[in-house]
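Asker: Using only what follows, build the 3D model:
(one chain, ligands or ions: 1)
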Amino acid sequence: MTLQPPRTIPIENRESKIENSPPSRTLIEITDLDFYYGEKKALDDINLRLPEKRVTAFIGPSGCGKSTLLRCFNRMNDLIDGTAIRRGSIKINDIDISRPDVDPIELRKRVGMVFQKSNPFPKSIYENITYGLRIQGINTKSRLDEVVERSLRGAALWDEVKDRLHESGLGLSGGQQQRLCIARAIAVGPEIILMDEPCSALDPIATAKIEELIHELKRRYTIIIVTHSMQQAARCSDFTAFFYLGRLIEHADTRTIFMSPSNPQTEAYVSGRFG
Ligand SMILES: Nc1ncnc2c1ncn2[C@@H]1O[C@H](COP(=O)(O)OP(=O)(O)OP(=O)(O)O)[C@@H](O)[C@H]1O
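Answerer: I've put the predicted structure just below:
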């Protein structure tokens, strides 16, 4: 007897039942977006609306443009020479984020990012969290203490580190470092948190903690997560967008994408037949 891989990912036990949640307004609106690296088109005619205080997963095979689109939301691609949105727009709260009067530094405070590999600064846990506030000129100890505690609690890390706040962030485990990076993003008061394969370097226990945290964070933040793990998308997202060769193939609530996708390419990908 040959064991076949499951054709669909079981999502019956997910706590996140969007069917029972009130509808959420659109926070990010992407219209007719074409994005280029030099002469290479990496995103082709993307139209997508992402709801506030929900988790949206971006899935698709390597090179399909997931990270590129993620980096458009906080204009991180501006840091790469030769990149350009040549057509279309991205609006957050109805404001086109490419407008010349939108300051990318301000934008990145509102749209925080957590990367594949955790990247704490080589500083104490306390300094990691307060760094963004200090460069804004906030130096009052009581205020910084308050933000440190709130951010670490928000990232489910406070109990593990409250007695070693002045030790190096680099002394934490991989999973703790990733939660420290989430706390650092939270500290500057974002609305949106982008996560680019945040668990790909973590073991299953650390991954489960981050997924649990994502579930908590969506009460206050809009989360977009790029993941190669179909199980992770099924477990922790409310909506899923499937990309292929720079195009958005299908976007729907996660249950629909995994249980009854309308596009045959989506079906083939989520059932593990390609990718
Ligand atoms: N800095 C860059 N310069 C030129 N081309 C790039 C750059 N970054 C990405 N690309 C190209 O853009 C396309 C989309 O890449 P992107 O990294 O967004 O895909 P992805 O779906 O996130 O892939 P992966 O799952 O492997 O991370 C690919 O063809 C890639 O080679």
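
Asker: which one is Gly189 nearest to, not counting chain neighbours?
Answerer: Lys109 (6.9 Å; CB to CB, 6 or more residues apart in numbering). Where C-beta positions appear, they are placed from N, C-alpha and C, glycine not excepted.

Asker: thought the one you found was touching Ile135?
Answerer: No. Taking contacts as CB atoms under 8 Å, Lys109 lies outside contact range of Ile135: 10.3 Å.

Asker: What parts of the stretch 1-150 of the chain come near the ligand?
Answerer: Within the stretch 1-150 of the chain, the positions lying close to the ligand (CB under 6 Å from any ligand atom) are 37, 40, 42, 60, 62-68, 80.

Asker: Lys109 and Ile135: which is more packed in?
Answerer: Using other CB atoms under 10 Å, the more surrounded residue of Lys109 and Ile135 is Lys109, with 17 against 10.

Asker: The more buried one: what's it in contact with?
Answerer: By CB atoms under 8 Å, 6 or more residues apart in numbering, Lys109 lies in contact with 132, 188-190.

Asker: Now intersect these with the strands, please.
Answerer: For the contacts of Lys109, not one is inside strands, with DSSP state E as the criterion.

Asker: of these, buried ones?
Answerer: Those of the contacts of Lys109 that meet the buried threshold are 132, 188, 190, by 16 or more other CB atoms under 10 Å.

Asker: contacts for stretch 83-95?
Answerer: With CB under 8 Å, 6+ apart, stretch 83-95 has contacts from 27-38, 45-46, 72-73, 77, 96-98, 102, 110-111, 191-192.

Asker: What segments of the stretch 101-250 of the chain are helices?
Answerer: 104-110, 125-134, 141-154, 158-161, 174-187, 204-217, 230-236 (DSSP state H, counting those that start in this stretch).

Asker: Include mean pLDDT when you put these into JSON lines, please.
Answerer: Converted to JSON lines, the helices of the stretch 101-250 of the chain look like this (pLDDT from 0 to 100):
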{"stretch": "helix 104-110", "mean pLDDT": "94"}
{"stretch": "helix 125-134", "mean pLDDT": "95"}
{"stretch": "helix 141-154", "mean pLDDT": "96"}
{"stretch": "helix 158-161", "mean pLDDT": "96"}
{"stretch": "helix 174-187", "mean pLDDT": "94"}
{"stretch": "helix 204-217", "mean pLDDT": "93"}
{"stretch": "helix 230-236", "mean pLDDT": "95"}
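
Asker: Pull up the gap between the residue nearest to Gly189 and the ligand, please.
Answerer: Computed as CB to the nearest ligand atom, to the nearest Å, the Lys109 to the ligand distance reads 23 Å.

Asker: what about this protein, any weak spots by pLDDT?
Answerer: Within the chain, the stretches with pLDDT under 70 are 1-22.

Asker: which stretches of it form strands?
Answerer: 26-37, 40-51, 55-59, 83-92, 95-96, 111-114, 192-196, 222-226, 239-244, 247-253.

Asker: could you redo the ones you listed as TSV and give each row mean neighbour count?
Answerer: Listed next are those as TSV, based on neighbours: other CB atoms under 10 Å:
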stretch	mean neighbour count
strand 26-37	17
strand 40-51	17
strand 55-59	26
strand 83-92	16
strand 95-96	12
strand 111-114	22
strand 192-196	24
strand 222-226	25
strand 239-244	25
strand 247-253	18
